[in-house]
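**Student:** One predicted model, sequence on top.
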Amino acid sequence: MKIEQLSENYINDLEKFATTKAKRMSLAHFKKVGLPHTKMEDWLYTKLTDVLPSNFAKVESSATLTNVKVPGKFQIVLLNGQYSKVDSFIPDEISVEIVNSDLLDETDFREDQKDIFAHVNAITCHEVIKIHVPKNLKLEDSISIVHVSDFKDSFSSPRVIIEAEMFSEIDFVEIFTGVENSSYNTNAVTSFLVKENAKVSHTKVQIEGMESFHVASVYADVEKNATFSSFSFSTGAKKSRNNIEVALKGVGSKGNVHGLYALTDVQHCDNFSIINHLVEHTESDQLFKGVLDGESRAVFTGKIKIFQDAQKVYSEQLNKNLLLSKKAHIDTRPQLEVNADDVKCSHGATIGQMSEEEEFYLRSRGLSVIRAQKLLIHAFCSDAIYKVENESIQKYLSEVLFESFEKKTFQQLEQGK
Amino acid sequence: MSKEIINDEYKYGFYTDIETEEFPKGLDENIVRLISAKKDEPEWLLESRLKAFRLWKTMKAPNWAKLDVPPIDFEDLYYYSAPKQKKSVDSLDEIDPEILATFEKLGIPLSEQKRISGVAVDAVFDSVSVGTTYKEELEKVGVIFCSISEAVKDYPDLVKRYLGTVVPPSDNYYAALNSAVFSDGSFVYIPKNVTCPMDLSTYFRINAKETGQFERTLIIAEEGSYVNYLEGCTAPQRDENQLHAAIVELVAFDNAEIKYSTVQNWYAGDKNGVGGIYNFVTKRGNCLGVNSKISWTQVEAGSSITWKYPSCNLIGDNSQGAFYSVALTNNKMQADTGTKMVHIGKNTKSTIISKGISAEQSINNYRGLVKVMPSARGARNYSQCDSMLVGDRSAANTFPYIDVKNNSATVEHEASTSKISEDQLFYLQQRGMDMEKCISMIVNGFCADVFKELPLEFAVEAVKLIEMKLENSIG
């Protein structure tokens, strides 16, 4: 089906969901822009017509939680975008509020949400999870937000709003999973407000079923001297898209936007990130790494924007890709937009295969070819994973990487493909 | 020549008052036919012009570049303007002395007595080529160097075979426009195994008011040949904007090498951004043969708006492409420039070195594509794009696009943006140098990787040009 036709279908279906003023505003925007297509600069390399459901009928939720591993002891569970109280386990210090989306106004749906899917989420989300982290709270253990979906012919539309008060320190892990062999869809939005001197990390783990389509937007506003660190790990879904937009709004704020994608078969993963340096003395760091096997394809777009008068900015961006097979395909666009002169920015991108020298070195130490290659792939990925500060999350990511990617790829290596 | 360049104002901003012949303003099929008839062109060329014109009618101006281009009224332009002269010029003595004087003033001696530099020059004045030097000497070794209009007459087979093969009219809006109305330009043919005995050069001058300049350059390097080609451009200082939409096509066969260098210094408008040339140029080279090599070196210091991406299609196995660029913008200039390297053959290699200097309220964008096709096993690319900001209202953007469909390719991209380092300034100043000298030394060092690729005379000129442009930018 053509994208224009799909947009038309969606408008008809979305009308039924747009019951409040805020939702109607998002609908008006959707009517204006329509579904994204490859003529749009931001969607240049990701075609959606083959994965989007043909309409937007409302279907009943049926997802159940089946043993999803999480790194810490706390978890908040959403089944097809709806909060499941029985499965959740929340620390007492933190308040979690479940709000019917009809009760929300425009200020709750962030005004500057740029991606059209975030608007679609605003119209179709049922409940909004509001998490409030109180002042000075420093939580050792991470909190996992587990999304399980199996919504067909529509999107499960979870929305999480997190507000971290002054001087709080907390780690969130958001896990997206669903049933294998089913073409379901997820469209999630997670937004953060990181207040003065707070330190918040967000690790997104996308291990959706291999037939699904996944799109997620992460927004963060970072205030004075606060730090927001995002890590986006994608290894599931047939097609996926991550939108990450970090606004460094306060002097001395810092944004880390890291990620890893490990893909096989015909998977397609598109990472799109924007880091806005709005004021002076802000800092950002970005490392995205990718391993591509089979006929997989990855897209990386990293925009770093330094606004006028945002002097004394320091920013680094790097995208590294390892292609394991002949048919793997990567498009990368690391972009810098600088409108202030007293800044130090650098960016880079590399694309390559396993280094013969490195392999030789390992083999000269007595490792077999296969062992050496396994080690190199693992080391390449670990480099990105180590960007996550929390060690238990690091360990968790390594396990997920092994389960969902390395196991299969290594097996193929052993069989000589 | 280079000493005189150090002037605050645009030195080449004068206007030569000579009698010209112009076609009426505006663009329609009749004008296209008139241009073609004026040049006595064969039927096939007229046909291809008309086809391009019809195509252009259906196209839209590109808007993807980060440029603020005011709408251009294509009906308010002269598409052909030429100095009035006798039917054909057999020797340079017959050229209007006013024109000779103009080129003399620009530092391009056309009279052959003055064999100072040993560079063969083709001088293009508005829409026509007014003279080419050293023709006979070049002919001795079989090199053809003449204006494209002459080539159409004298070597129609060659022109017909290659014209539009690298940049077809359908390539983009301005390419279609150029293909319909191109007036003149240079034609170079280097036969098999010939190393061109001297550097070839074309000098473009826009003189007439309200005209667009649409020149077309075609360079063909046969097997095992080598040519070094230089290009320079200036225009009078005017309050109106003028359009310059050129096409340059290069073809290199087995083991051939083409080096193409440009120093672009069109009038850039005044401090408030009034006037200046719109430089919308399509330049592309096809490395058709094995081991062929094409390198683009450019110093972009003029034009109010630049939209230019000299590119290489690396088709032959082991072929190499290179792009070396210094782009300087000041006042309210806008530049969106870069390159495209398309790797198609095996073991192809490309190098991109781009240095952007952005001063005052200007915008300087690097936009580049590196594309590695599945067939390009073992392809290699290295890109480096550095930007320097001078002044807190200037902007520098980097938009690289890297598209790799092949696991045996190695692609690296590096970029940095910063201002002139305080440490470096301090170091030089404490050695007793004044501020201006320090800055010019640092800027020269910043651009050194590119300047060293230029032929000597051009390198000297380029250094002076950059110094002059920055003179008033630094407080």
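**Tutor:** Structure received. Not measured: the values here are computed from a predicted model.

**Student:** going forward, measure contacts and count neighbours with C-alpha atoms only.
**Tutor:** Noted.

**Student:** for the helix or strand harbouring residue A:362, the distance to its chain's centre please.
**Tutor:** Element membership for residue A:362, per DSSP states H and E: helix A:356-364. Centroid displacement of helix A:356-364 relative to its chain, using C-alpha atoms, centre = their mean, to the nearest Å, is 34 Å.

**Student:** Flag every buried residue along that helix.
**Tutor:** A:359, A:362-363 (16 or more other C-alpha atoms under 10 Å in any protein chain shown).

**Student:** What parts of the stretch 101-250 of chain A come near chain B?
**Tutor:** Within the stretch 101-250 of chain A, no position lies close to chain B (C-alpha under 8 Å from any C-alpha of the partner chain).

**Student:** For the closest residue to chain A within the stretch 1-150 of chain B, grab phi and psi.
**Tutor:** Across the stretch 1-150 of chain B, the shortest distance to chain A (C-alpha to the nearest C-alpha) belongs to residue B:64, at 8.3 Å. Per-residue torsions, residue B:64: phi -80, psi -20 (degrees, to the nearest 10).

**Student:** Which pLDDT value belongs to it?
**Tutor:** Note for residue B:64: predicted pLDDT of 86.

**Student:** Check residue B:446 too.
**Tutor:** 90.

**Student:** where along the chain do the helices fall?
**Tutor:** By default, I'm working from chain A. With helices called from DSSP state H, chain A shows them at A:3-17, A:21-33, A:116-124, A:356-364, A:369-385, A:391-401, A:407-414.

**Student:** Hmm, no, I was thinking of chain B.
**Tutor:** Listed in chain order, the helices of chain B (DSSP H) span B:2-5, B:29-38, B:43-58, B:97-105, B:135-140, B:148-154, B:156-162, B:173-181, B:422-429, B:435-451, B:456-470.

**Student:** most neighbours per residue, which of the ones you listed?
**Tutor:** Most buried of those, by mean neighbour count (mean count of other C-alpha atoms under 10 Å in any protein chain shown): helix B:173-181, with a mean of 26.

**Student:** Return the distance of that helix from the chain's centre.
**Tutor:** Offset of helix B:173-181 from its chain centre (C-alpha atoms, centre = their mean): 16 Å.

**Student:** got it, and stretch A:212-221?
**Tutor:** Taking C-alpha atoms, centre = their mean, one finds the center of stretch A:212-221 at 5 Å from the center of the full chain.

**Student:** Need the residues that contact it.
**Tutor:** A:51-52, A:113, A:115, A:117-118, A:182-194, A:208, A:228, A:237-249 (C-alpha atoms under 8 Å, 6 or more residues apart in numbering or on different chains).

**Student:** are any of those residues buried, and which?
**Tutor:** For these, a neighbour count by 16+ other C-alpha under 10 Å gives the buried set as A:51-52, A:113, A:115, A:117-118, A:183-194, A:208, A:228, A:237-249.

**Student:** neighbours around the nearest residue in space to residue B:242 that is not next to it in sequence, how many?
**Tutor:** Nearest residue to residue B:242 in three dimensions, chain neighbours excluded: residue B:277, at 4.8 Å (C-alpha to C-alpha, 6 or more residues apart in numbering or on different chains). Around residue B:277 sit 27 other residues, with neighbours defined as other C-alpha atoms under 10 Å in any protein chain shown.
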